[in-house]
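*Asks:* Return a 3D structure for these sequence lines:
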Amino acid sequence: MKDLKNTCKMAVVQAAPIMFNKDACVQKAIKLVKEASEKKVDFIVFPELFIPGYPYGMTFGFTVGSRGENGRKNWKMYYDNSIIVPGKETEELAKAAKEANCYISIGVSERDIDTATLYNSNLIFSPDGELISVHRKLKPTGSERVVWGDANKHYFPVVNTPWGNTGSLICWESYMPLARVALYEKGITIYLAPNTNDNEEWQSTIKHIAIEGHCYFINSNLFFTKDMYPDNLYDIEDINKLDDIVCRGGSSIVDPYGHYEVEPVWDKEAILYADLNMDKVPMSRMEFDVCGHYARPDVLELKINE
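*Replies:* Here you go, the predicted model:
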């Protein structure tokens with residue numbers, strides 16, 4: 001492991017998107033970047049699908065063998081507020097990263113301009129104001145598959161930062177053991193996990209991954225409520241069934257030993273800050289380096305089709 005900067009000042013955003021409104025989401029993201037940059041942070045991490053929100057609980061009219069017209073119209077609204085990458089919205093976010101002089105990671109619904117397929121993607125921008133990483137979710141979870149397609153490129157990109165290689169897996173991608181190993185093999189020191197997963201079991205998962213990879217685990221989740229869904233949806237029967245708080249958050253930061261650097265924050269918007277001691281990464285790997293001295297490549301081998 002090369003010599004790295006000893007400290008990374010991390011900001012984790014737990015916030016509500018402006019549902020189904022890409023322009024308002026971008027402006028809110030920029031506002032939050034400016035707020036975090038006042039703390040002179042090095043890295044700002046936003047949750048999964050911050051642009052234009054995670055349509056939790058919506059079926060979009062899908063049943064086995066048929067689709068409803070109102071659901072199709074709702075999907076078109078979401079489609080219209082998904083973004084082209086690169087495009088106008090990414091230019092605005094890149095400018096915000098440059099002005100804040102920090103890295104920005106943010107989850108978006110990406111629209112393929114040629115095929116009309118949507119992808120659940122995570123973007124990383126550099127302090128130079130460049131889009132330097134696009135990662136598409138490998139396998140949308142459960143009924144997410146009726147909204148977003150499987151990744152067809154941008155599988156396991158990593159960004160070489162002053163604190164080591166940094167990569168992301170989106171929400172339940174972290175339950176795919178071989179996907180985790182794909183990142184470990186690239187030597188990540190900071191594991192970004194934009195997600196919409198607010199249950200207690202997830203907190204156990206992220207501690208395990210931090211220990212397994214001996215890396216910092218950055219857990220960034222959304223917080224939003226039922227009344228934040230747009231008023232002009234064509235069918236709200238599914239939404240009416242939801243609890244008032246749809247996603248509780250639970251964002252946190254875990255160190256390479258599996259201990260909370262920042263405890264989970266629940267039921268509110270917040271920005272979590274931490275000074276990550278990067279010396280912990282090589283120190284924690286002294287007795288266990290999952291793809292180094294503790295590996296058995298003569299017995300076990302991962303093949304990645306990138």
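
*Asks:* what about Asn240, distance to Val146?
*Replies:* Note on Asn240: its distance to Val146, by CB to CB, to the nearest Å, is 20 Å. In this view, the C-beta of every residue, glycine as well, is placed from N, C-alpha and C.

*Asks:* Those two: who's more crowded?
*Replies:* Of the pair Asn240 and Val146, Val146 is the one with more neighbours under other CB atoms under 10 Å, namely 15 against 10.

*Asks:* For the residue nearest to that one when sequence neighbours are not counted, give me phi and psi.
*Replies:* Spatially, and ignoring its direct neighbours in sequence, Val146 is nearest to Phe62 (4.7 Å; CB to CB, 6 or more residues apart in numbering). The phi/psi pair for Phe62 (degrees, to the nearest 10) reads phi -80, psi 130.

*Asks:* do Ile239 as well
*Replies:* phi -70, psi -40.

*Asks:* Do I have it right that it meets Lys226?
*Replies:* Yes. In this structure, Ile239 is within contact of Lys226 by CB atoms under 8 Å, at 6.3 Å.

*Asks:* Lys73 falls within a helix, correct?
*Replies:* Yes. Under DSSP: H, G, I helix; E, B strand; the rest coil, Lys73 falls within a helix.

*Asks:* Let me see the contact set for it.
*Replies:* Neighbour list for Lys73: Tyr234 [criterion: CB atoms under 8 Å, 6 or more residues apart in numbering].

*Asks:* And the contacts of stretch 110-124?
*Replies:* By CB under 8 Å, 6+ apart, stretch 110-124 touches 48-49, 78-79, 82-85, 90, 93, 103-109, 131-137, 140, 144, 147-149, 151, 154, 159, 166, 168, 170, 192, 194.

*Asks:* Enumerate the positions of it that are buried.
*Replies:* Under the neighbour-count criterion of 16 or more other CB atoms under 10 Å, stretch 110-124 has 110-111, 118-124 buried.

*Asks:* Out of those residues, which is nearest to Asp3?
*Replies:* Asp3 has its nearest neighbour among the buried residues of stretch 110-124 in Ile124, at 22.3 Å by CB to CB.

*Asks:* any idea how far that closest one is from Leu93?
*Replies:* Relative to Leu93, Ile124 is positioned 10 Å away (CB to CB).

*Asks:* Find the residues that touch each one of those two.
*Replies:* Common neighbours of Ile124 and Leu93 (CB under 8 Å, 6+ apart) are 104, 131.

*Asks:* Show the average pLDDT along stretch 104-121.
*Replies:* The average pLDDT within stretch 104-121 is 97.

*Asks:* Could you tell me the end-to-end distance of it?
*Replies:* Terminal residues of stretch 104-121 are spaced 14 Å apart (CA to CA, to the nearest Å).

*Asks:* ok, now stretch 247-256?
*Replies:* Per CA to CA, stretch 247-256 runs 27 Å from first to last residue.

*Asks:* How about stretch 220-231?
*Replies:* Start-to-end, stretch 220-231 (CA to CA) is 27 Å.

*Asks:* And it, how far out from the chain middle?
*Replies:* Centroid separation for stretch 220-231 versus its chain: 16 Å, with CA atoms, centre = their mean, to the nearest Å.

*Asks:* what's the answer for stretch 20-27, then?
*Replies:* With CA atoms, centre = their mean as the basis, stretch 20-27 stands 17 Å off its chain's centre.

*Asks:* okay, the buried residues of stretch 110-124 in a markdown table with secondary structure and distance to Ile30 next?
*Replies:* Listed next are these as a markdown table, based on DSSP: H, G, I helix; E, B strand; the rest coil; distance: CB to CB, whole Å:
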| residue | secondary structure | distance to Ile30 |
| --- | --- | --- |
| Glu110 | strand | 19 |
| Arg111 | strand | 20 |
| Leu118 | strand | 23 |
| Tyr119 | strand | 23 |
| Asn120 | strand | 22 |
| Ser121 | strand | 19 |
| Asn122 | strand | 18 |
| Leu123 | strand | 14 |
| Ile124 | strand | 16 |
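
*Asks:* No further queries at this time; thank you.
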